[in-house]
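Chemist: Fold the following and give me the result.
(2 chains)
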Amino acid sequence: MNYKIPRGTYDILPSQSHDWHKIISAFRQLAAACGYEEITTPVFEQAQLFERSSGETSDVVKKEMYRFTDQKGREFALRPEGTAPVARSYLENRLDIGAAHSKLYYVGPMFRYDRPQAGRYRQFYQYGIEFIGSDHPYFDAEVISILWNYLSVLGIKRMRLELNSVGCPECSKAYDQALQDYFRPHLNELCPDCQIRHSQKPRRLLDCKVKTCKQIAQGAPSQLDYLDEPCKVHFASVQDYLARMNIPFVINPRIVRGLDYYTNTAFEVIYEGLGAQNSLAGGGRYNGLLEQIGGKNIPAIGFAGGFERLLLALREEQIDLGARPVADAYLITMGPAAQQLALPLLSQLRLGGIWVEYDPTKNSFKAQLKAANNCQARFALIIGEDEAAAGKALLKDLQSGEQRLLELDAANQFIEAFKRN
RNA sequence: GUGGGUGUAGUUCAAUGGCAGAGCACCGGAUUGUGGUUCCGGGCGUUGUGGGUUCGACUCCCAUCACCCACCCCA
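Modeler: Predicted coordinates for the structure are as follows:
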């Protein structure tokens, strides 16, 4: 074969689809129970949308975006994340009118031109929640609780919720200043990356993995000490709500968000044992985003999580998502007369939602029965020459070996009765 | 974008310069229409791809692609 799947992408094969359906529908169910409705946006958008929202200096925009120009010279990008498109749709479709707030969720592929690694792909699938229209700390807690409860419901245990507040733009600015002041005397001890970070993104100095940078960062000031009064109150209130909702969390003042639009609450769910990419999901408040892309000053909060990493974590915890579904019955016919009688029955059963396998290329009785066994069907529905002559069907339970001779239409009823159990 | 590891049958892996093999899976058979167990039979693989060294390359060298792992970044 001459063609290969693009780097960093993968096929979800039939043997895995069941798991994917499981985790996706669990998310949809929980989101719906919390009053969130699905929104689906295109997988590509104007490149500018992401440049404006994520920030031109962010890595996502600088080097990870799949960009392309269409036949009329318009600049587009495959979406690297889901929040900006949802915000765009919210504004474009005037969802702000007539409702106090919007509760939205999405599921779908995202694209980043990254070097593939454990838990990291170029096309990856995310689930996310966006709550748009209120700054009230209850909603921070609600959104976070949906994430936590979703992961919990699936059975994930060895995870931890880390919480931080990056404050409003003012506190944030003051903090950046404080960080720069703190690191300035050590500037030439820092790694080259950090020297750039110092002027561009001081916060990134905090999670550098180089030893000396780490040591210096030890004594750095904490964001939490630079929150102004309203931000402090907001953060305390979020914690309070979480506690009352029974969501366990730890404060981690070093959580840094990669995208520029985050304000106040920032959080992440960490799972050790995923390798270097140990973040299961992350999110935060983005009060500045909607205004930044041309809307009014509308507060919002949300999160996004990666299904691939979720699946890795589930495997790590040996959580069984249930067996792949198998056929209800396998139809066996011998000879043309039997087949003629069988085909209408086959259609009838299938229309009734019963999964019946049939393969006329297997002509020996033995091969057909073997195939029935191999596909793990519960029943073999046998119509041979004798049955055909008598207008009957032999229904064999492949587990017990028990078999019954039934009228052709009685076979239908029998299987339906069985399905109900 | 940088560094390390890996690439042989559908799959898991052997074969350290001399005829490319095994387990599992799959298919067929062991007298006419009863599966799972057992027995027998069934593999012509561009050894990821392209070059090079050599009488001879899965094996050594170079390049390239892909995967894995880490940096980076994040989900």
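Chemist: what does stretch A:21-29 rub up against?
Modeler: With contact meaning CB atoms under 8 Å, 6 or more residues apart in numbering, stretch A:21-29 is reached by A:38, A:105, A:107, A:127, A:150, A:153-154, A:307, A:310-311, A:314, A:321-322. For every residue, glycine as well, the C-beta is placed using N, CA and C.
Chemist: 7 Å - rerun?
Modeler: A:Glu38, A:Val107, A:Tyr127, A:Tyr150, A:Val153, A:Leu154, A:Phe307, A:Leu310, A:Leu321, A:Gly322 (CB atoms under 7 Å, 6 or more residues apart in numbering).
Chemist: Just the buried residues of these.
Modeler: A:Val107, A:Tyr127, A:Tyr150, A:Leu154, A:Phe307, A:Leu310, A:Leu321 (16 or more other CB atoms under 10 Å).
Chemist: could those be laid out in TSV, adding distance to RNA strand B and secondary structure?
Modeler: What follows is the buried ones among the contacts of stretch A:21-29, written out as TSV (distance: CB to the nearest atom of the strand, whole Å; DSSP: H, G, I helix; E, B strand; the rest coil):
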residue	distance to RNA strand B	secondary structure
A:Val107	13	strand
A:Tyr127	9	strand
A:Tyr150	12	helix
A:Leu154	15	helix
A:Phe307	8	helix
A:Leu310	9	helix
A:Leu321	19	coil
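Chemist: quick revisit: okay if I get the contacts of stretch A:21-29 as TSV plus distance to A:Arg74 and pLDDT?
Modeler: Below are the contacts of stretch A:21-29 laid out as TSV (distance: CB to CB, whole Å; pLDDT from 0 to 100):
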residue	distance to A:Arg74	pLDDT
A:Glu38	28	98
A:Val107	27	98
A:Tyr127	29	98
A:Tyr150	37	98
A:Val153	42	96
A:Leu154	41	96
A:Phe307	31	96
A:Leu310	35	95
A:Leu321	42	88
A:Gly322	45	84
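Chemist: where does the stretch 151-300 of chain A come near RNA strand B, residue by residue?
Modeler: For the stretch 151-300 of chain A, the contact set with RNA strand B under CB under 7 Å from any atom of the strand comprises A:193, A:197, A:204, A:207-210, A:256-259, A:275-282.
Chemist: Could you give the bridge partners of the closest residue to A:Phe44 other than its chain neighbours?
Modeler: Of all residues not flanking A:Phe44 in the chain, A:Phe76 sits nearest, at 4.8 Å (CB to CB, 6 or more residues apart in numbering). Beta-bridge pairing of A:Phe76 under DSSP bridges involves A:Gln46, A:Phe68.
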